[in-house]
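Trainee: Provided below for reference: sequence and predicted model.
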Amino acid sequence: MTTSRLLGTALSVVLLVLFASSLANAQATRTWVSGVGDDANPCSRTAPCKTFAGAISKTAVGGEIDCIDPGGFGAVTITKSITIDGGGTFASILGAGTNGIIISDSAVTPTAIVTIRNLSIDGAGTGFNGIRVLKAKIVYLENLEIFGFTQNGIDGNLSAVATGGSSMFLDDVNIQNLSGVSSIGVEIHAIGGNLTAYLDHVRAQRLPTGVHVNSGGFAVIRDSEIVESLVGIEMVNGANARATIENTVLSNNSTGISAGSTTTTFLSQSTITGCTSGISNAGGTVQSSGNNRILGNVSDGLTPTIVNPK
């Protein structure tokens, strides 16, 4: 009886230790970071972490990382569904010498849904890409300032896509001051599937290329401004890409739209002005609703085919 009692007590102690350990390692649905936090903390509201990288391992799939106060919370790699929200304070990432954010779903076929909002992402003149999207099902990018990188602002370059295709939604995103000779504001490219990017109130300023629609890429651009760049929107030659552009301004670019072969571009209620070439024809199809303003360019370039709105 004594032996049984001792065994029972020992088993209870082991179970208690295991239970306590599981609680210590449990991931929270909501975690917090602070400029004066510590990544050794559990990332709770009263004991926040210091960086997004420190908080993400303590945040459950589908959870959210929020910011308590102003701070620079460091570059981060995201491999699961999560939200990072800097709303309510000045939250930033300094990506000097690295990428600001990498999104690369750990699943073979992407299922991750990622939301990044209310952040300033600064490459400080040496960073690579503001946000790299390599594998994901859906990515929401909202109210972001991206600048100071040597490669791309948002590099949507998917090595694998979700079943039925992947999507990016950009809303109120400002991209500027990318210093690479081939830098792109928004890259839209997918291998072995489709990546559809919806750009709403996106501003790309003084870049080599504002928006680059590559193979597997589909773009819907509305209420946006792409200005003072070498190429406003490049439909990549031979890429079979497609873009719908509505109520958007392409101003003071060397080329407003470059219409590569096998690509299709639909224009509606948009303005192309102040460019050396309004629409450069490289064999693509450009169709218009007949309600655009293509004027004031050195050469207006290709005249779109007018199709009747239905």
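Mentor: That came in fine, so what should we check first? Numbers count the residues shown, from 1 in each chain.

Trainee: The closest residue to Gly54 other than its chain neighbours: neighbour count?
Mentor: Closest residue to Gly54 apart from its sequence neighbours, by Cβ to Cβ, 6 or more residues apart in numbering: Asp39 at 3.0 Å. For the C-beta atoms, the positions are set from N, CA and C on the backbone; glycine is no exception. Asp39 is flanked by 16 other residues according to other Cβ atoms under 10 Å.

Trainee: Make 48 the first number, not 1, from now on.
Mentor: Understood, numbering begins at 48; the last thing we discussed is Asp86.

Trainee: Asp86 touches Lys97, doesn't it?
Mentor: Yes - using Cβ atoms under 8 Å, Asp86 is in contact with Lys97, at 5.2 Å.

Trainee: about what we covered before: list the contacts of the residue nearest to Gly101.
Mentor: Residues in contact with Asp86 (Cβ atoms under 8 Å, 6 or more residues apart in numbering) are 96-98, 100-102.

Trainee: same thing but 10 Å
Mentor: Applying Cβ atoms under 10 Å, 6 or more residues apart in numbering, we find Asp86 in contact with 80, 95-98, 100-102, 104-105, 121.

Trainee: how close does it sit to Ala102?
Mentor: For Asp86, the distance to Ala102 equals 8 Å [Cβ to Cβ, to the nearest Å].

Trainee: residues bridging contact with the two, i.e. touching both?
Mentor: Joint contacts of Asp86 and Ala102 (Cβ under 10 Å, 6+ apart) are 80, 95-96, 121.

Trainee: Could you tell me which residues make contact with Ser206?
Mentor: Per Cβ under 10 Å, 6+ apart, neighbours of Ser206: 151, 157, 181-182, 236-239.

Trainee: Just checking: what are the partner strands of the helix or strand hosting it?
Mentor: Assigned by DSSP states H and E, Ser206 belongs to strand 201-207. According to DSSP bridges, strand 201-207 has the following sheet partners: strand 178-182 (parallel), strand 231-237 (parallel).

Trainee: so what strands line up beside the longest strand along the chain?
Mentor: Counting residues, the longest strand found in the chain (DSSP state E) is strand 160-174. Each strand paired with strand 160-174, and its direction, by DSSP bridges: strand 129-132 (parallel), strand 138-141 (parallel), strand 185-196 (parallel).

Trainee: Export only the CA atoms of the longest one, formatted as PDB.
Mentor: Which is strand 185-196. Coordinates of each C-alpha in strand 185-196 appear next as PDB, following Å, rounded to 0.1, in the frame of the first residue of the first chain:
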ATOM      1  CA  ILE A 185      -4.600  35.700 -48.600                       C
ATOM      2  CA  VAL A 186      -2.600  38.700 -47.500                       C
ATOM      3  CA  TYR A 187      -4.200  42.000 -46.300                       C
ATOM      4  CA  LEU A 188      -1.900  45.100 -46.300                       C
ATOM      5  CA  GLU A 189      -3.600  48.100 -44.800                       C
ATOM      6  CA  ASN A 190      -2.400  51.600 -43.900                       C
ATOM      7  CA  LEU A 191       1.300  51.100 -44.500                       C
ATOM      8  CA  GLU A 192       4.200  53.400 -45.200                       C
ATOM      9  CA  ILE A 193       7.100  51.600 -47.000                       C
ATOM     10  CA  PHE A 194      10.300  53.400 -47.900                       C
ATOM     11  CA  GLY A 195      14.100  53.300 -47.900                       C
ATOM     12  CA  PHE A 196      14.600  49.800 -49.500                       C
END
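
Trainee: Kind regards, and thank you for your time.
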